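Undergrad: 3D, please:
(one chain, ligands or ions: 1)
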Amino acid sequence: MTDQDDVVIEVAGATKTFVQRRRGERRLRRERVDVAAVRDVSFTVRAGEIVGYLGPNGAGKSTTIKMLIGVLTPTSGRLRVAGIDPARQRIALARRIGVVFGQRSTLWYDLPLRDSFALARHLYRIPDDRFQANLRRFVEMLDLGPFLDTPVRQLSLGQRMRGDLTAAFLHDPAIVYLDEPTIGLDVVSKAAVRAFLAETNRENGTTIMLTTHDTADIEQLCRRVLVIDHGRLGFDGELAVLRERLGGDRTLVVDLAEPLPALSVATPGARVIRVDGPRQWLAFPATASAAPLVAEIAARYPLVDLSIREPPIEEVVTRLYTSGAPTPRPAPD
Ligand SMILES: Nc1ncnc2c1ncn2[C@@H]1O[C@H](COP(=O)(O)OP(=O)(O)OP(=O)(O)O)[C@@H](O)[C@H]1O
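TA: Next up is the predicted model:
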């Protein structure tokens, strides 16, 4: 199998321009304004990847996903999902994909959860053995047993989201798009959603594209991220690379044999930022190796233990959005 055979999502030079009507300068009449929501975006996703699709509000994330599921037709460019042109063969594509929008439910509000699943089975013509096996597994993983007979409108947001996830995965889709799947959930539900996504990706090889503003989702699920801003793809690569490029400082935490005043270190860019008894925190550039700093401290002070902390991903993403788009980088091979 060649690398190309593995590609399940292909976006080549996709552009989507909306016409918006705005009041003109002299407020006499509304003017037509072209808004390029997505501009010349290209990327590919391989089978089995979990990709985080990030960007500030209005960046073009939803527009991209809507083109990928065939709801919007691109103004120009080419999209292929599982070999299918989404806008032209939306129905054929529906069998291959699942979609979860955190803010909107695909479940039937007046029906018990179980009936929404039965409808999905009917709609997607899921073979009975497959349906039963998937349902059993997902209900167990997401702890949905106690709610199966509850009408959806009586479910909490977290219970409803777990129901939506089940509905999206029941027909064994090859690709699932999730738009803010953990928005508004408590920590327990967030953890359940993330564990479910990680497991279905691992066990079923489901390709997952995840739009989120929750940096813990990214941290825990996505090795690769795409960052879009003002409709343009600004970064495509590993989260670790993004962090390295924009991360600012890492922190070396050292435990000394005794409490000491702030250590005086000569390693360029390193400085003590906090002292608490025998423990001290030293910031040093994320792009630098920790080795010289560790060696210096070990040689000059009674070092007992150490650990290195990466900059929080929140900080990295904020930096990315506020610093302008970094140099585009081709998708990793
Ligand atoms: N149907 C539409 N008609 C006109 N303009 C639109 C339409 N849909 C989106 N836009 C515009 O396109 C741009 C991108 O919107 P999009 O919804 O794709 O952003 P987003 O990255 O998903 O944002 P958010 O994080 O807020 O959901 C915005 O400027 C938005 O106003």
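
Undergrad: Tell me where the stretch 151-300 of the chain has strands.
TA: 175-179, 207-211, 224-229, 232-238, 249-256, 271-276, 279-285 (DSSP state E, counting those that start in this stretch).

Undergrad: Please render these as JSON lines that adds distance to residue 128 and mean pLDDT to the earlier fields.
TA: The C-beta positions use only the backbone N, C-alpha and C, and glycine is treated the same way. Below are those laid out as JSON lines (distance: least, Cβ to Cβ, whole Å; pLDDT from 0 to 100):
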{"stretch": "strand 175-179", "distance to residue 128": "22", "mean pLDDT": "95"}
{"stretch": "strand 207-211", "distance to residue 128": "26", "mean pLDDT": "95"}
{"stretch": "strand 224-229", "distance to residue 128": "36", "mean pLDDT": "91"}
{"stretch": "strand 232-238", "distance to residue 128": "41", "mean pLDDT": "90"}
{"stretch": "strand 249-256", "distance to residue 128": "53", "mean pLDDT": "92"}
{"stretch": "strand 271-276", "distance to residue 128": "60", "mean pLDDT": "94"}
{"stretch": "strand 279-285", "distance to residue 128": "58", "mean pLDDT": "93"}
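
Undergrad: Compare these and report which one is nearest to residue 302.
TA: Residue 302 lies closest, by Cβ to Cβ, to one member of those: strand 249-256, at 5.5 Å.

Undergrad: Can you give the strand pairings for that closest one, parallel or anti for each?
TA: strand 279-285 (antiparallel), strand 303-309 (antiparallel) (DSSP bridges).

Undergrad: Save the strands of the stretch 151-300 of the chain as TSV, and put in distance to residue 82 and mean neighbour count too.
TA: Formatted as TSV, the strands of the stretch 151-300 of the chain follow (distance: least, Cβ to Cβ, whole Å; neighbours: other Cβ atoms under 10 Å):
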stretch	distance to residue 82	mean neighbour count
strand 175-179	7	23
strand 207-211	9	24
strand 224-229	19	23
strand 232-238	20	20
strand 249-256	40	18
strand 271-276	49	13
strand 279-285	43	19
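
Undergrad: Would you reformat these as JSON lines and include distance to residue 143?
TA: Output for those, formatted as JSON lines (distance: least, Cβ to Cβ, whole Å):
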{"stretch": "strand 175-179", "distance to residue 143": "19"}
{"stretch": "strand 207-211", "distance to residue 143": "21"}
{"stretch": "strand 224-229", "distance to residue 143": "29"}
{"stretch": "strand 232-238", "distance to residue 143": "32"}
{"stretch": "strand 249-256", "distance to residue 143": "36"}
{"stretch": "strand 271-276", "distance to residue 143": "40"}
{"stretch": "strand 279-285", "distance to residue 143": "39"}
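
Undergrad: so which of those strands comes closest to residue 76?
TA: The nearest among the strands of the stretch 151-300 of the chain, by Cβ to Cβ, is strand 232-238 at 14.6 Å.

Undergrad: and that closest one, what does it pack onto?
TA: Counting contacts by 3 or more Cβ pairs under 8 Å, 6 or more residues apart in numbering; DSSP states H and E, strand 232-238 is packed against strand 30-46, strand 224-229.

Undergrad: what bridges to residue 30?
TA: Bridge pairing for residue 30 - DSSP bridges - gives residue 23.
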